[in-house]
Every structure is written in C-alpha cells, then in structure tokens.
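Trainee: need a 3D model of the following:
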Amino acid sequence: MTEYVLSIDQGTTSTRSIIFDKAGSIVATGQLEHEQIFPKAGWVEHDPMEIWNNTREVIGQALSKANLTRHDIASVGITNQRETAVVWDKNTGKPVYNAIVWQDTRTQSIVDRLAADGGVERFKAQVGLPLATYFSGTKIVWILENVEGAREKADAGELLFGTTDSWVLWNLTGGTDGGVHATDVTNASRTMFMDLETLQWDADILAVFDVPASMLPEIRSSSEVYGTVHTSSLLREVPVAGILGDQQAATFGQAAFDTGESKNTYGTGNFLIFNTGEEIVHSKNGLLTTVGYKLGDAPAHYALEGAIAVTGSLIQWLRDNLGLIKSADEVEALANTVDDNGGAYFVPAFSGLFAPYWRPDARGALVGLTRFVNKGHIARAALEATAFQTREVLDAVNADSGVDCVELKVDGGMTVNNTLMQFQADILGVPVVRPVVAETTALGAAYAAGLAVGFWSNLDELRQNWQEDSRWTPNMEDSERDRQMRNWKKAVTKTFDWVDDDVN
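Mentor: Down below sits the predicted model:
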C-alpha cells in the first residue's frame with residue numbers, strides 16, 4: 001500500500017528529498033549541499049551534474065531513514081529554484097555550461113540591448129515580468145552567444161533548456177533513454193517567454209531573443225502525471241506527478257489556495273506571493289505577475305509576487321566572507337547582545353535591488369556607522385534588512401490589491417529565528433504566523449503530486465492539514481515604526497547609481 005509521497009526540493013544551496021504522510025507530516029529527509037561557484041563578481045553558477053548526482057543520493061537517504069521502498073511511494077513531486085538556467089545536449093545528457101543561477105547579473109548588457117526598443121517593460125503585458133537579469137531568458141541567450149558551438153547545436157535542435165525542475169525530471173525519467181522534457185506553468189512563467197493568457201511559449205518573443213523553440217520544454221500543469229521514474233532508480237516506475245517553482249510550492253504548502261491569501265518565504269532570498277485567483281493583475285508598484293498554480297485541466301490561478309534577492313544569503317555572507325559567525329544559527333545570539341541596531345542599516349543589494357525597486361545599478365551598503373557600532377549591531381542590522389525589505393514588498397502588495405494584509409503566513413529556514421520574526425511583526429504592524437510544518441516548499445510539491453494520483457482527494461483535505469505553530473504580535477509604537485522605515489528608505493537610496501561602465 002502506497003502511504004507516502006516523496007518530494008524533491010532542488011534549492012539554491014542544497015537538494016533535499018522529503019517524504020510526507022497523508023497528514024502532511026515529515027517522515028524522513030535527505031539533504032546535500034552543492035557548490036556555489038563564483039567565477040567573477042556578479043556571476044553565480046552551479047554544476048548541474050552535481051545537482052543530479054545529489055538528487056539521486058538524497059532520494060536514497062530519505063528512503064533509507066524511513067525504511068521504505070518504491071512500493072510505499074504513491075508519487076513524486078518536484079520543486080526548484082525557478083530562474084536558474086540549464087542548457088544540455090540531448091544526445092549526451094551533458095550540460096554545455098554550468099547552470100547560471102537566478103542571482104547572476106552577467107546578462108545586464110543583454111537586458112540593456114533588449115530594452116533599447118521599448119524599455120524594461122517591453123514584454124511585461126504578455127509575460128508579467130520586466131526585463132531583468134533575474135529571469136532565465138537572458139541566461140539562455142548568454143550561453144548561446146558565449147559557449148563555443150552552442151548556437152550551432154541549438155539551431156540544429158540538439159540542445160535542451162530547462163530550469164532545474166526540467167533538468168531533474170528529464171534525468172529522473174530516463175535522460176537520454178526517453179527522458180520527459182517538460183516544465184509546469186509556474187516555472188515557465190519565470191523565463192520571459194510564456195504568455196500569461198495562453199500559457200504557451202510566445203513565438204514573437206522567442207524570435208526577439210533568438211532562442212530556438214526546439215530547446216524549450218513542453219508546458220504542462222502543476223499537477224498531472226508527466227511520466228514515471230526510470231528503471232535505473234530506486235523509485236523505478238513511481239509516477240512523477242507534481243511540479244511547482246519553489247515560491248509557488250511554498251504558497252501551495254501553506255494552503256493559500258484562494259484569492260487574497262498570501263505567504264512569505266524566508267530562504268536565500270525572500271519571496272512574498274499574493275493569490276489573485278483566476279484574474280491576471282498587472283502591478284503598478286514594482287511587483288511581478290506570475291502563475292500561482294494550475295491543477296490538471298482546471299483554470300490557472302495567478303499571483304502577484306515581491307521578489308527580494310538577498311536575505312538568508314546575507315547571513316551566509318556574514319559567516320563565509322566576514323567570519324563574523326561560525327554558523328548561521330549563531331546570528332540570533334549575536335544580534336541579541338545589543339538592544340537595537342545602533343543606528344546601522346544594512347542594504348544587501350549584492351545583485352542589485354529586486355522588488356519593488358528593480359535597480360540593477362544598486363550595490364550593497366552598510367550605513368549609519370559610528371564608533372559605537374559593533375558586530376552585534378551589524379548582525380542585528382543584517383536580520384532587520386530582511387524585515388524591512390518584506391515591509392516594502394507588502395506595502396506594494398497592499399497598494400496593488402487594494403486590500404490590506406491582516407496577518408502574514410511565513411515559512412522557510414529563517415523563520416526559526418524568533419528575534420527576526422518578532423521584528424518582522426513589529427515593522428509590519430500585523431501578526432506573523434508560522435505553521436507546524438515549516439518545510440512548506442517541499443510540502444507544496446508533495447501536495448501537487450498527491451492530488452494528481454488521488455492520494456489526497458481535494459484542496460479541502462489539504463486545508464485541514466494546516467496547523468499554526470507560532471504567532472508573533474507587534475509591540476512597537478507607531479512612531480518608532482515610522483522612524484525605522486524612514487531611516488531604512490534613506491539607506492536604500494544610498495545604494496543607487498553605484499554600477500556604471502567601469503564598475504561591476
């Protein structure tokens with residue numbers, strides 16, 4: 001009897017396999033980090049072969065820990081870092097270049113070239129996105145223009161492109177031996193190439209980018225059987241039946257299925273998603289319009305998204321680049337050695353600023369420094385940066401939707417930090433709520449995969465699984481909240497206009 005669903009969570013810093021039971025509870029987890037490759041300033045890469053090898057290993061870890069076999073698994077779901085681009089040879093199965101990660105800024109000159117005719121919002125009406133280095137479309141162009149032989153192979157129909165969900169799916173279902181080349185609507189909506197209304201690749205935009213349509217995966221719903229796992233795997237013949245980009249998966253895992261529901265995920269970056277139902281809402285306040293989910297033949301649900309590039313990765317930076325802490329979980333204790341930020345504000349515009357500013361010319365700044373400021377203040381300023389950025393995105397969501405948020409559901413690794421969560425509630429002025437199962441990204445992919453094979457019967461069953469774990473209520477005076485936000489906004493302006501022709 002199949003009593004479990006297995007979720008593959010292919011993230012920015014690691015790949016995990018998590019097994020869930022019918023109550024949506026975690027049974028076992030396998031996890032491996034992969035190398036973060038920084039060839040030049042602003043360049044961020046991953047090795048796709050390392051990611052695939054890790055994927056196979058973490059599946060084995062999770063099954064072993066739970067003492068389960070493929071016969072116990074009803075279906076497999078995949079969730080992933082969304083805009084990271086992999087291009088590989090369909091005949092050999094080998095990538096032609098490292099995966100170019102969503103944080104990578106090398107394609108700014110391609111963005112500028114495309115924006116010369118119509119500006120950065122040239123395609124926004126069709127795809128919901130501004131031209132930016134963030135999305136995978138320009139990353140494909142860079143590979144075709146800079147990797148020897150790639151253009152010729154692509155034009156000959158020998159190369160495939162995918163975000164990491166497609167890369168994992170293709171390999172999991174056989175690779176060169178009949179692997180399925182597909183993606184779901186949520187990941188497709190992050191390429192710059194998918195028309196939000198038709199949910200198909202836009203031939204005119206592909207022509208402008210000069211990307212052959214033969215490279216692209218088939219666009220499918222978020223919950224259906226795409227294929228079965230290849231016979232060479234521990235999961236052989238188990239259906240792969242759910243795909244959701246990581247932030248949409250987290251929203252699904254939070255049971256935020258309906259119009260007006262939202263969540264905020266605290267990971268490498270922060271991503272706030274607000275469900276707009278079957279309506280496509282075009283933002284006037286710096287947010288992205290994206291697909292939230294699509295279940296089989298049912299209509300797609302859309303969302304507004306505020307994407308923040310650097311939050312959890314700032315804590316990693318304090319650890320790895322400055323040596324201020326030895327492990328990420330030490331940052332809370334260090335921040336609690338002081339009562340406040342000491343007047344210091346840290347704007348981590350390492351990859352420019354994403355929502356709501358969209359300023360690729362920005363770079364990180366630590367401002368307000370005096371002799372009084374110590375490493376405790378810097379640690380607190382780094383944590384507070386996450387909360388300040390979330391407040392600005394939520395303000396934009398409120399403005400676009402016309403509905404004020406009354407509480408914020410949160411998930412992701414940083415939500416274990418009570419100091420951050422309390423400050424988040426304080427600076428928002430609304431309660432912050434964390435569920436019992438904080439691994440909502442993997443859970444959302446599991447839900448999509450389970451629904452497709454009847455493991456769960458409907459969305460109401462999933463809603464009943466959601467349980468509150470912790471709640472933080474604001475206790476900051478309005479005047480202090482206003483003062484903090486005024487200083488934060490002032491700090492943000494200090495990061496503008498840093499990049500020019502001779503500065504990366």
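Trainee: where does the protein have low pLDDT?
Mentor: 1, 501-504 (pLDDT under 70).
Trainee: centroid-wise, who is the farthest residue in it?
Mentor: residue 371 (37.8 Å; Cα atoms, centre = their mean).
Trainee: wait, a helix at that one?
Mentor: No: using DSSP: H, G, I helix; E, B strand; the rest coil, the secondary structure at residue 371 is coil, not a helix.
Trainee: got phi/psi on it?
Mentor: Per-residue torsions, residue 371: phi -60, psi -20 (degrees, to the nearest 10).
Trainee: again with residue 159
Mentor: Main-chain dihedrals, residue 159, degrees, to the nearest 10: phi -110, psi 150.
Trainee: my guess is residue 225 contacts residue 238. True?
Mentor: No: taking contacts as Cβ atoms under 8 Å, residue 225 lies outside contact range of residue 238: 10.4 Å. The C-beta positions use only the backbone N, C-alpha and C, and glycine is treated the same way.
Trainee: of those two, who's got more company?
Mentor: Using other Cβ atoms under 10 Å as the criterion, residue 225 and residue 238 rank with residue 238 on top: 23 against 15.
Trainee: where along the stretch 1-150 of the chain do the strands fall?
Mentor: 4-10, 14-20, 26-33, 45-46, 73-80, 86-89, 99-100 (DSSP state E, counting those that start in this stretch).
Trainee: between those, which one is nearest to residue 327?
Mentor: Nearest to residue 327 among the strands of the stretch 1-150 of the chain is strand 26-33; the distance by Cβ to Cβ comes to 13.2 Å.
Trainee: which strands border that closest one, and is each parallel or antiparallel?
Mentor: Paired strands of strand 26-33, with direction, are strand 14-20 (antiparallel) (DSSP bridges).
Trainee: list the buried ones in the strand it pairs with?
Mentor: For strand 14-20, burial by neighbour count (16 or more other Cβ atoms under 10 Å) applies to 15-20.
Trainee: go on, stretch 480-495?
Mentor: By 16+ other Cβ under 10 Å, the buried positions in stretch 480-495 come out as 481, 484, 487-488, 491-492, 494-495.
Trainee: what does that stretch contact?
Mentor: 345-347, 349, 353, 357, 359, 362-365, 367-368, 388, 391, 426-427, 429, 476 (Cβ atoms under 8 Å, 6 or more residues apart in numbering).
Trainee: how far out from the middle of the chain is that stretch?
Mentor: 26 Å (Cα atoms, centre = their mean, to the nearest Å).
Trainee: next, count neighbours for the nearest residue to residue 39 once chain neighbours are set aside.
Mentor: Among residues not flanking residue 39 along the chain, residue 45 sits closest, at 6.5 Å (Cβ to Cβ, 6 or more residues apart in numbering). Other residues lying near residue 45 total 19 when counted by other Cβ under 10 Å.
Trainee: same thing with the one 4 residues further on?
Mentor: The criterion is other Cβ under 10 Å. On that basis, residue 49 has 16 neighbouring residues.
Trainee: mind listing what it touches?
Mentor: Contact partners of residue 49, counting by Cβ under 8 Å, 6+ apart, are 94-95.
Trainee: how near is residue 7 to residue 370?
Mentor: For residue 7, the distance to residue 370 (Cβ to Cβ, to the nearest Å) stands at 48 Å.
Trainee: no wait, residue 314
Mentor: 21 Å.
Trainee: of those two, which one has the most company?
Mentor: residue 314 (23 against 9).
Trainee: look at stretch 322-333 and report the distance between its end residues.
Mentor: 17 Å (Cα to Cα, to the nearest Å).
Trainee: for that stretch, which outside residues touch it?
Mentor: Stretch 322-333 is contacted from outside by 312, 315-316, 318-319, 334, 375, 378-379, 382-383, 416-420, using Cβ under 8 Å, 6+ apart.
Trainee: quick one: which of the residues you listed is nearest residue 458?
Mentor: Of all the contacts of stretch 322-333, residue 458 sits closest to residue 416, with 31.4 Å by Cβ to Cβ.
Trainee: in contact with that closest one, which residues?
Mentor: Counting by Cβ under 8 Å, 6+ apart, the residues that residue 416 touches are 329, 438.
Trainee: so what's residue 7 up against?
Mentor: 17-20, 76-79, 442-443, 445-446, 449.
Trainee: rerun at 6 Å
Mentor: Counting by Cβ atoms under 6 Å, 6 or more residues apart in numbering, residue 7 touches 18, 77, 442, 445-446.
Trainee: likewise for residue 165?
Mentor: Here residue 165 is in contact with 78, 80, 183, 187, 243 (criterion: Cβ under 6 Å, 6+ apart).
Trainee: could you export those as a markdown table, including distance to residue 63?
Mentor: Output for those, formatted as a markdown table (distance: Cβ to Cβ, whole Å):
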| residue | distance to residue 63 |
| --- | --- |
| 78 | 16 |
| 80 | 20 |
| 183 | 26 |
| 187 | 26 |
| 243 | 21 |
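Trainee: could I get these as CSV with neighbour count and distance to residue 207?
Mentor: What follows is these, written out as CSV (neighbours: other Cβ atoms under 10 Å; distance: Cβ to Cβ, whole Å):
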residue, neighbour count, distance to residue 207
78, 32, 30
80, 32, 27
183, 29, 20
187, 31, 22
243, 33, 27
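Trainee: residue ranges of the strands in the stretch 301-450 of the chain, please?
Mentor: Counting by DSSP E, counting those that start in this stretch, the segments of the stretch 301-450 of the chain that form strands are 301-308, 345-347, 365-367, 408-411, 432-435.
Trainee: appreciated, that's everything.
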